[in-house]
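1. Show me the folded form of this:
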Amino acid sequence: MSALDIDSMRALTAIAESGGITRAAKRLNLSQSAVSHKMKRLEHKLNRSLFARADGKLNLSADGEKLLDYAQRLVKLHDEAYASFHQSDLAGELRLGITEDISAPGMAQILSSFSTSFPNVALTSRVAHTPNWCAGCVPAKSTWR
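-> Predicted coordinates:
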């Protein structure tokens, strides 16, 4: 197995972008220990320290910063390659009404993944309290063929 597996690269970019392992784990829908384990395994395989703790804060080391640049490009290229084989002819507009009780932190990741998978679909969402949710809504209309 390669030291630079895509899941580890995705975890590294999530840590850097979100500012910590806990937030990265939530963003990736993984446990904190799973993300931490991925980073420890990556550090072991590379024989480099990718993080430094200062004032109780987790920061990327110089090696971590260097790897982050590659990781971001690898993840972007991986996602583009995957999307090129999984794109759909689906096109149009999708409007979602979401109640606050189901607008979980993972919802943003789901909507982002949908947009990546279906780039020709304009996706808009509206979050509101359940009693206010249907104000201004138009009944669903399906045009699937």
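
2. all helices of this structure, in order?
-> 6-18, 21-28, 32-46, 62-86, 106-117, 130-133 (DSSP state H).

3. for these, which one sits closest to T124?
-> Checking the helices of the chain against T124 by CB to CB gives helix 106-117 as the closest, at 9.8 Å. Where C-beta positions appear, they are placed from N, C-alpha and C, glycine not excepted.

4. Relative to E93, which of the helices of the chain is closest?
-> helix 106-117 (12.5 Å).

5. what's in contact with that closest one?
-> Outside helix 106-117, the residues within contact range by CB atoms under 8 Å, 6 or more residues apart in numbering are 26-29, 79, 83, 86-88, 96, 98, 121, 123, 125.

6. what angle do that helix and helix 21-28 make?
-> Per axes from the mean of the first three to the mean of the last three CA atoms, to 10 degrees, the angle that helix 106-117 makes with helix 21-28 is 50 degrees.

7. Now do helix 106-117: distance to the chain's middle.
-> A distance of 8 Å separates the centroid of the chain from that of helix 106-117, by CA atoms, centre = their mean, to the nearest Å.

8. Send over that helix as PDB, restricted to the C-alpha atoms.
-> Taking Å, rounded to 0.1, in the frame of the first residue of the first chain, the C-alpha atoms of helix 106-117 are listed here in PDB:
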ATOM      1  CA  GLY A 106     -23.000  16.400   7.500                       C
ATOM      2  CA  MET A 107     -25.600  17.900   5.200                       C
ATOM      3  CA  ALA A 108     -23.100  20.400   3.800                       C
ATOM      4  CA  GLN A 109     -20.900  17.500   2.800                       C
ATOM      5  CA  ILE A 110     -23.800  15.600   1.200                       C
ATOM      6  CA  LEU A 111     -24.800  18.700  -0.800                       C
ATOM      7  CA  SER A 112     -21.200  19.300  -1.900                       C
ATOM      8  CA  SER A 113     -20.800  15.700  -3.000                       C
ATOM      9  CA  PHE A 114     -24.100  15.900  -4.900                       C
ATOM     10  CA  SER A 115     -22.800  19.100  -6.700                       C
ATOM     11  CA  THR A 116     -19.600  17.400  -7.600                       C
ATOM     12  CA  SER A 117     -21.400  14.300  -8.900                       C
END
